[in-house]
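Q: Here's a sequence, model it:
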Amino acid sequence: MSIRTAVSGDATRAVVLPGSRPRRARRSSSRAVSAAKWVVLVVAILLAITPILYLIATSFKSPDDILSTRILPARFAVENWASAMANWPIFTYLGNSLLVAGVAVVVALVIAVPANYAIARLRVGGGQTLLLIVSAYIAPPVVAIVPLFLLVRTAGLMNSPFGLGLVEGLMLTPVAVWLLDGFFRSIPGEIDEAAQLDGCGPVRTLVSVLLPLIMPGLAAVGIIVFILVYNDFLIPLLLTQTGSAQTLPVGIALMQGGREVMFGQMAAASLTGIIPVYLLALFAQRWLIGGLTQGSVK
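A: Numbers count the residues shown, from 1 in each chain. Alright, predicted model coming up:
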């Protein structure tokens with residue numbers, strides 16, 4: 001609203017003309033919105049990094065500092081890092097976790113890609129096929145522990161990182177199928193028709209035409225499956241018994257002394273395991289964000 005004066009006879013009238021709000025009000029409103037955005041951003045960052053900061057502080061705390069619930073260590077117990085590396089095969093656990101997660105990603109994508117192509121592009125199985133596949137992941141894994149253990153032992157895959165990766169990949173295949181469905185359906189059907197006119201069969205259409213188009217989606221789904229497997233605890237605990245095959249979450253859970261839990265050493269080992277995942281997310285964030293954005297548009 002803007003206010004102007006008009007003279008009529010002996011009186012002066014204030015005429016309020018409709019229009020934009022006063023410039024000062026617009027500027028103050030814009031500043032308020034900008035300040036609110038910064039407050040929300042700062043709060044979100046603090047909520048995200050506070051557990052990491054607390055974990056870093058715990059890795060440098062002595063047992064007395066941990067028992068006294070100090071927020072900051074009274075002294076920097078650097079020996080927690082040296083003891084964790086010397087007393088426990090941290091890097092073996094870490095290597096096993098990376099190997100298991102990598103194998104699981106390959107297994108899940110190798111199965112999920114042709115399955116999604118058949119469901120989304122070739123219309124195989126009807127409209128309920130995707131729902132039936134995803135429903136296999138709804139039940140908690142604990143209900144399948146006994147048959148899974150017997151099956152893996154019969155197949156000779158116990159205590160093997162490759163066997164564990166195979167099992168994890170098969171168990172997460174429904175997740176990969178569900179996540180990839182949006183990427184396949186976002187591609188126009190005219191592309192398949194053009195490929196068929198050029199003489200491409202189903203396999204060549206998938207490999208030469210569709211896969212390059214959904215590559216960001218493949219990267220995003222692969223990263224998600226990798227992180228899910230990397231952080232899994234129950235299945236590795238069930239299928240591995242020795243340190244040479246155990247993953248990092250299982251190894252950290254076993255870091256206990258005679259009558260005490262080595263919280264400082266566990267924090268140091270946890271930070272060691274977090275670093276590869278953070279580096280992966282930092283390196284692949286462009287593909288992850290782009291893939292998730294592409295899959296959200298149909």
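Q: Now do the phi/psi pair for A136.
A: phi -70, psi -20 (degrees, to the nearest 10).
Q: per-residue pLDDT, it?
A: Looking at A136, its pLDDT is 78.
Q: Then V209?
A: pLDDT, read off for V209, is 87.
Q: three-state assignment of it?
A: Following DSSP: H, G, I helix; E, B strand; the rest coil, we place V209 in the helix state.
Q: And the strands in the stretch 51-200 of the chain, which stretches?
A: Counting by DSSP state E, counting those that start in this stretch, the stretch 51-200 of the chain has no strands at all.
Q: Where do the helices of it begin and end?
A: For the stretch 51-200 of the chain, helices defined by DSSP state H, counting those that start in this stretch occupy the ranges 63-67, 79-87, 90-116, 129-135, 145-154, 161-185, 189-197.
Q: Packing partners of the fourth one?
A: Using 3 or more C-beta pairs under 8 Å, 6 or more residues apart in numbering; DSSP states H and E as the contact criterion, the neighbours of helix 129-135 among helices and strands are helix 161-185. All C-beta atoms are positioned from the backbone trio N, CA, C, and that covers glycine.
Q: now the fifth one
A: Helix 145-154 is packed against helix 161-185, helix 234-239, with contacts defined by 3+ C-beta pairs under 8 Å, 6+ apart.
Q: Select, out of those helices, the one closest to I224.
A: helix 161-185 (6.6 Å; C-beta to C-beta).
Q: so how far is the closest one off the chain centroid?
A: The chain centroid and the centroid of helix 161-185 are separated by 14 Å, computed with C-alpha atoms, centre = their mean, to the nearest Å.
Q: what about that helix, average pLDDT?
A: The average pLDDT within helix 161-185 is 91.
Q: between the helices of the stretch 51-200 of the chain, which gets nearest to A36?
A: helix 161-185 (32.1 Å).
Q: list the buried ones in the helix or strand hosting L228?
A: Element membership for L228 (DSSP states H and E) is helix 215-230. By neighbour count on 16 or more other C-beta atoms under 10 Å, the buried set for helix 215-230 is 216-226, 228-230.
Q: will you turn those residues into CSV that also has distance to L150 and pLDDT?
A: Converted to CSV, the buried residues of helix 215-230 look like this (distance: C-beta to C-beta, whole Å; pLDDT from 0 to 100):
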residue, distance to L150, pLDDT
P216, 40, 83
G217, 36, 86
L218, 34, 90
A219, 36, 87
A220, 35, 86
V221, 30, 91
G222, 30, 91
I223, 32, 89
I224, 29, 90
V225, 25, 93
F226, 28, 94
L228, 24, 93
V229, 22, 94
Y230, 26, 94
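Q: can you put those residues in a markdown table and add distance to I138?
A: Shown next, in a markdown table, are the buried residues of helix 215-230 (distance: C-beta to C-beta, whole Å):
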| residue | distance to I138 |
| --- | --- |
| P216 | 27 |
| G217 | 23 |
| L218 | 24 |
| A219 | 26 |
| A220 | 22 |
| V221 | 19 |
| G222 | 22 |
| I223 | 23 |
| I224 | 17 |
| V225 | 17 |
| F226 | 22 |
| L228 | 15 |
| V229 | 18 |
| Y230 | 22 |
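Q: ok so, going back, okay, the helices and strands packed on helix 145-154, which one's buried deepest?
A: helix 161-185 (a mean of 22; mean count of other C-beta atoms under 10 Å).
Q: what helices or strands is that one leaning on?
A: For helix 161-185, the packing partners by 3+ C-beta pairs under 8 Å, 6+ apart are helix 90-116, helix 129-135, helix 145-154, helix 215-230, helix 234-239, helix 263-295.
Q: out of those helices, nearest to W178?
A: Relative to W178, the nearest member of these by C-beta to C-beta is helix 129-135, separated by 4.8 Å.
Q: how far out from the middle of the chain is that closest one?
A: Relative to the centre of its chain, helix 129-135 is centred 22 Å away, using C-alpha atoms, centre = their mean.
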